[in-house]
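Asks: need a structure here:
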Amino acid sequence: MAEDTTVTSKEWFRDWTDETWAFLLLRLWLATRAIVTGLQKYWGVDEGGQPAFGLKYYKAIPDVMKQKFAAEPMFLSALAGPFYAALGPVLILSGLMLLLGVGTRVSLVVQGLLYVALTYGLILIKQDAGVAWLGIHMGLIALALMLARHNRLAVFRKW
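Replies: Modelled structure (predicted):
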């Protein structure tokens, strides 16, 4: 007779520590935040005034902010175009990676670097509330990286 190797959910979660649950919750929150923020960049209004979604509606940041950045002498304008083009896709990709557990550490570092770049821009145009808001995100990313050794449900745990 074959031995039953079915693992019940109680047994499966038995070795999950508080840190494991904390990391999973942070991972889910940060992934959701990145994916939704990235997708929002593809929402717009069609010719009939109706909400619409698609590549033709892509807008990395509002035009008002682009104008403020362009007027700032310390803004790296040569990098603005590539950064704007990459912002939405990088948010979506890093969020999906984090959600699915494919290179969770890599996706956290990518999100952290993205938030550092966004913080730099907001500092230049004196958007202190936005800087503080991104600082909270950076703290959550740092905490997630500290808890990453407790990662479960991941494809590539080391990364």
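
Asks: okay, now residue 147: neighbour count?
Replies: A count of nearby residues for residue 147, using other Cβ atoms under 10 Å, gives 20. Backbone N, C-alpha and C define where each C-beta goes, glycine included.

Asks: how much space is there between it and residue 22?
Replies: 6 Å (Cβ to Cβ, to the nearest Å).

Asks: try residue 81
Replies: Distance, residue 81 to residue 22, by Cβ to Cβ: 39 Å.

Asks: out of the two, which sits in the more crowded spot?
Replies: A direct count of neighbours by other Cβ under 10 Å for residue 81 and residue 22 places residue 22 higher, at 15 against 10.

Asks: In this structure, where is pLDDT below threshold?
Replies: Within the chain, the segments meeting pLDDT under 70 span 1-11, 157-159.

Asks: where exactly do the strands run in it?
Replies: Taking DSSP state E, the strands of the chain run over residues 43-45, 51-53.

Asks: Dump those to TSV, plus distance to residue 102 and mean neighbour count.
Replies: Converted to TSV, the strands of the chain look like this (distance: least, Cβ to Cβ, whole Å; neighbours: other Cβ atoms under 10 Å):
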stretch	distance to residue 102	mean neighbour count
strand 43-45	26	12
strand 51-53	25	12
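
Asks: Let me know which of these is the nearest to residue 63.
Replies: Nearest to residue 63 among the strands of the chain is strand 43-45 (12.4 Å), distances taken as Cβ to Cβ.

Asks: For that closest one, which outside residues touch it?
Replies: 51-54, 56-57, 59 (Cβ atoms under 8 Å, 6 or more residues apart in numbering).

Asks: what do you get if the cut-off is 6 Å, keeping everything else the same?
Replies: With contacts defined as Cβ atoms under 6 Å, 6 or more residues apart in numbering, strand 43-45 is touched by 52-53, 57.

Asks: and if you look at stretch 113-121?
Replies: Outside stretch 113-121, the residues that touch it by Cβ under 6 Å, 6+ apart are 131, 134, 137-138.

Asks: before we move on, what about stretch 65-75?
Replies: The set of residues that contact stretch 65-75 without belonging to it, under Cβ under 6 Å, 6+ apart, is 124-125.
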